[in-house]
Structures are given as C-alpha cells and as structure tokens.
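Enquirer: Sequence and predicted model, in that order:
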Amino acid sequence: MQDPRMTAFDATATASPDTRFAVTHGGWRLSEEFDHRHAWLRVAHGDQQVCWQLEAHSGGWLARLREGHAAPAMTTRDAGLETALRQWLQALFARDTGYRYLRVDDALRALCPTVFGEPVVKRAEFYQQPPLWYRGDNLGRHEQVWTTSDSGVRHPRRRPLPTGTVYERYCADIDQVFSFRRASPEQDVERLTDWMNQPRVARFWEKAVPRDEIAAYLDRVLGMAHLQPVVGCFDGQPVGYFEFYWAAEDPVGAYYEADPYDRGVHMLIGDANYLGRRLGRAWTLSLSHFVFLDDPRTRRLIGEPRADNQALLKYVERTPGWTKIKEFDFPHKRAALIVCDRDDFFDRVVFP
C-alpha cells in the first residue's frame, strides 16, 4: 500500500533559494519553489525538468509554463506522476486557504490529463476525487437493487465494506496518517471491550459488559447489512471505533425525512491519548470525507448523539458542513439530530 505521506527529495540542485513542497513518486520529482518575487512548480524526470510559474489570480492560482520551457505531452497514464501532482494539489490548497482553485495552461493539462482534465481545478471538486484517499470498492458503482427491510422500509440493497483499509489521509498539521479499516473480531474484540468499559465511553454507549458480550455484539453488527463498523487509526495505531450506517433503515430514519443514501455514524475514541482538538479535527474531517467519497449519491451524513453530550455538540458547531437540526426522544435517550451536508462540507473544508 502506498504511504500517503509526502516523501522529500534532495532539492539542493535547483535554482530556488527556498522550497515549500517536494515529493517523489515513480521517478518523478516535484517541487514548489519560490524567491522574493516569484513561485513556481518544478517537474523533473531523469535529467529533464520543466517549470510552471505560479501567480496569484483573483482568489486562486494560475500555472503558466515558464518562458523557454517545453513540456512533453503524456501518451500513457503514469501513476507516479498522477500521485505526485495530487499530493502537490493537496498541499497547495491546504497552505493557502483563501485560494479556492488552480487554473492550468494547456501544457500542464497535456502533461497529465488524468489530473488536469479541465482547465480549472476547484478545491471542492478536487477533494471529491478518490485516488489519494479512498481504498474501498463502492464509489457509487454498486448496482442499485431495491429491497424491503424487516420493518417495511424500501431501500437499496447494501453491501459490506471490504476487509482491510478503506480510507487513509495524511494530515500534515500533525504529521500522521489517519485511516479507517473494517472492524475485525480477531483484531478488535479485546480493545473494544477495554474501550466500552471506560467510564467516559460507557456513559454514552451503555455497553460496559464483559468480553463475550462485546464479541457477540461485534459479530451481530458485522452481520447487519445497514451497519459498517470500522476502526480508526493514527499511523496504524487503533484509537477509536466508528459505526457507519444507512439511515433509511435505521431507527433514526423514522425521526426525519431520510434519503435512501443518507448515512449516519456512531463514534468513540477509546485511546485517551488521542483526545483533543487537533487530533479530533483529523478524524472528524476524515469520517465525513470517507462517507462522501464512498458513495457520491450520499448527500447527507447524520448523527444522533445524546442531547446532553455538550462537548461533542460544541465541537460539531465548529466542523465544516455540520449543524444541529433539532432534539428528539429516542426510546432510550434524548437525542440531538446533527447533519453534515455534502455541498456545504466540500465548500468549506480545507484539509490541513
């Protein structure tokens, strides 16, 4: 599996006095360099290199081939070049949050048409392209076959997540990779038992029970078509448990007008070392991002935490796309309905 971190290369041979970004993939070397007047993107392969001038341009960037340079047009796809360019775009949009697009010239489009299919790369649209982050098998390609749940709700037939990692994102602000992998009884029952029995978790999940009961619970969840349990990890270290679910056939679907592709999430961070705002931002942005990448037909992600979970609700208010809609009474709790809108999320989010 490709490590999504940036891999630095020796840029001392360039003419730039400073380098903002450098990455290598498949023999391609990319760097964004600058001096006191100009910034430029340098693309090198072997002993050949070409540069594009980067100019601030009315809320975005303009990339223009530097005078005296000529860029080759690629006749076949090159995965190394694609990955390097996408990582540069991720860094570009993260660093300059006021810039929402990159306009490229014909030469850069010809160099890599799979990344620059259009003359303007918009930040919100770039974040919805799956290659850098998504490792699942859906992307909206699952055939839409309608069925009816035991409770009489008509909905598309659901498929389980594939085994292993389904999402990973390098978080530059904390220099860690956050990922989701499908939960596994063999790997996760012990830690899930420990997490569920922690008082701060048990207060909200109400599953402070012995290992055998947690094992039975996880088996049951894995066997339910509308539930998708995953473990969240920082640099491969499991830190939390998340249950994504299809809202239409979940009990919460009776409390609001659920769309067939609305998703919901229950979550807990079991490792207390990974609590806090900076790390919390990494996993909250990632869970929304994963859901919206997994199926483009999903327009909303919802949650229904306890209405007295003020710490979570205050955090939600500061998270792109999320808002509290109302409170309502579940049979077992007073709940708050919180919703993340797809368009609002991608319009506002900037991945650090």
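Expert: Perfect, I can see it now. Residues are numbered from 1 along each chain as shown.
Enquirer: Show residues contacting the lowest-mean-pLDDT helix or strand in the chain.
Expert: In the chain, no helix or strand scores lower on mean pLDDT, DSSP states H and E than helix 310-317, which sits at a mean of 84. Outside helix 310-317, the residues that touch it by Cβ atoms under 8 Å, 6 or more residues apart in numbering are 277, 280, 284, 303, 305, 307, 322-324, 336, 338. Just so you know, the C-beta spots here come from the backbone N, C-alpha and C atoms, and that holds for glycine as well.
Enquirer: pull the CA atoms of stretch 169-185 into CSV?
Expert: What follows is stretch 169-185, C-alpha atoms only, in CSV (Å, rounded to 0.1, in the frame of the first residue of the first chain):
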residue,chain,number,x,y,z
ARG,A,169,-5.3,10.6,4.6
TYR,A,170,-2.1,12.2,5.5
CYS,A,171,-2.7,15.1,8.0
ALA,A,172,0.2,17.5,7.5
ASP,A,173,-0.6,19.6,10.6
ILE,A,174,0.0,16.6,12.9
ASP,A,175,2.3,14.7,10.6
GLN,A,176,0.3,11.5,10.9
VAL,A,177,-1.8,9.3,8.6
PHE,A,178,-5.4,8.8,9.7
SER,A,179,-7.1,5.7,8.3
PHE,A,180,-10.2,3.5,8.6
ARG,A,181,-10.2,-0.2,8.3
ARG,A,182,-13.1,-2.6,8.6
ALA,A,183,-13.5,-3.9,12.2
SER,A,184,-12.4,-7.5,12.8
PRO,A,185,-13.4,-9.8,15.6
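Enquirer: And for residue 124, the neighbour number?
Expert: 15 (other Cβ atoms under 10 Å).
Enquirer: so which strand or helix has it?
Expert: Here residue 124, judged by DSSP states H and E, is contained in helix 123-126.
Enquirer: Report all helices and strands that that helix contacts.
Expert: With contacts taken as 3 or more Cβ pairs under 8 Å, 6 or more residues apart in numbering; DSSP states H and E, helix 123-126 sits against helix 79-95, helix 342-348.
Enquirer: neighbouring contacts of the longest one?
Expert: Right, helix 79-95. Applying Cβ under 8 Å, 6+ apart, the set of residues contacting helix 79-95 is 2, 4, 6, 20-21, 23-30, 32, 41, 43, 45, 61, 74, 99, 102, 111-112, 114-116, 121, 123, 126-127, 129, 131-132, 170, 172, 350-352.
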